[in-house]
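# What follows is a protein structure lacking sequence information:
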């Protein structure tokens, strides 16, 4: 099993020099961290369209927040904008990439090769942001030994016996197995767990856990929909009665 190797710095930022990185060691609010990938995707779209500078107002409109929040988010990492000119889109994108750790190599192991686990293992998004699937595991004899995403599925017992594992473990198992899998990942040295199982995990304090639960997100959506003002029904476009 590949061991976690020390991450390498982003070549672009290294060429800019150490003063360009300038990410201070301070506590960053979680809400800001969650918005950074949104800004990153917006900047990627702008650059792809040939746009090289962007204002906080433009970023705010695309991200669905206000401009003051955008400026406050970026101020936590340094001073990147120029009054009256805006942000250099390529430089800002590189700074966000560095802040997110996307300029590093992050080996990931995935446990659970059901539909979700297979989809994750085959996802191009993992590789696009520096995440490398270094191992996939399951307990089903019908699955073990098969190739998923270019990686051979190993039995979970091999993860139990591992002396070192990738820093990030992904749990895509049924809820009933999630805690035992989390225990195995922690024992093998995982420092963070992305949990897709509908189960609250108990792990040692230093281990970071992020839960991705579709049912919770849908309940949050229904909460806000139930409390917003009534909106007119969508016009029936088939009947031709909709307004133009």
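Everything's here; your move. Since the model is a prediction, treat every value here as computed from it, not as a measurement.
# and residue 160, how many neighbours?
12 (other Cβ atoms under 10 Å). C-beta coordinates here come from the backbone N, C-alpha and C atoms, glycine included.
# what sits against it?
184, 187-188 (Cβ atoms under 8 Å, 6 or more residues apart in numbering).
# Try it again at 7 Å.
residue 184 (Cβ atoms under 7 Å, 6 or more residues apart in numbering).
# repeat for residue 36
Shown in contact with residue 36 (Cβ under 7 Å, 6+ apart): 96, 99-100.
# let's go with 6 Å and repeat that
Under the criterion of Cβ atoms under 6 Å, 6 or more residues apart in numbering, the neighbours of residue 36 are 96, 100.
# hang on, isn't residue 210 packed against residue 194?
Yes - using Cβ atoms under 6 Å, residue 210 makes contact with residue 194 at a distance of 5.2 Å.
# between those two, which one's more packed in?
Higher neighbour count among residue 210 and residue 194: residue 194, with 18 against 11, using other Cβ under 10 Å.
# That one falls within a helix, correct?
No - looking at residue 194 with DSSP: H, G, I helix; E, B strand; the rest coil, it is strand, so not inside a helix.
# And it, how far from residue 181?
According to Cβ to Cβ, to the nearest Å, residue 194 and residue 181 sit 12 Å apart.
# now residue 94
Noted for residue 94: a distance of 36 Å to residue 181, by Cβ to Cβ.
# Tell me which of the two has more neighbours.
residue 181 (26 against 22).
# Could you list every helix and strand in contact with the helix or strand that that one is a member of?
If you go by DSSP states H and E, residue 181 is part of helix 175-187. Under the contact definition 3 or more Cβ pairs under 6 Å, 6 or more residues apart in numbering; DSSP states H and E, helix 175-187 sits against strand 168-171.
# Pull out the buried residues from the strand it packs on.
Within strand 168-171, the residues that qualify as buried are 168-171, counting by 16 or more other Cβ atoms under 10 Å.
# What of stretch 51-58?
Applying 16+ other Cβ under 10 Å to stretch 51-58 flags 53-54, 56, 58 as buried.
# May I ask which two of the residues you listed are separated the most?
53 and 56 (11.5 Å; Cβ to Cβ).
# any common contacting residues for those two?
What both residue 53 and residue 56 touch, as defined by Cβ under 6 Å, 6+ apart, is an empty set.
# helix or strand right after the helix or strand containing residue 87?
Element membership of residue 87, judged by DSSP H and E, is strand 86-88. Beyond strand 86-88 on the C-terminal side, the first helix or strand identified by DSSP H and E is helix 89-100.
# Which is the succeeding secondary structure element to that next one?
Downstream of helix 89-100, the first helix or strand assigned by DSSP H and E is strand 106-111.
# Adjacent strands (with direction) for that next one?
Each strand paired with strand 106-111, and its direction, by DSSP bridges: strand 131-138 (parallel), strand 168-171 (parallel).
# re the thing from before, sort out which residues of the helix holding residue 181 are buried, please.
Residues 177-179, 181-182, 184-186 are the ones in helix 175-187 that count as buried (16+ other Cβ under 10 Å).
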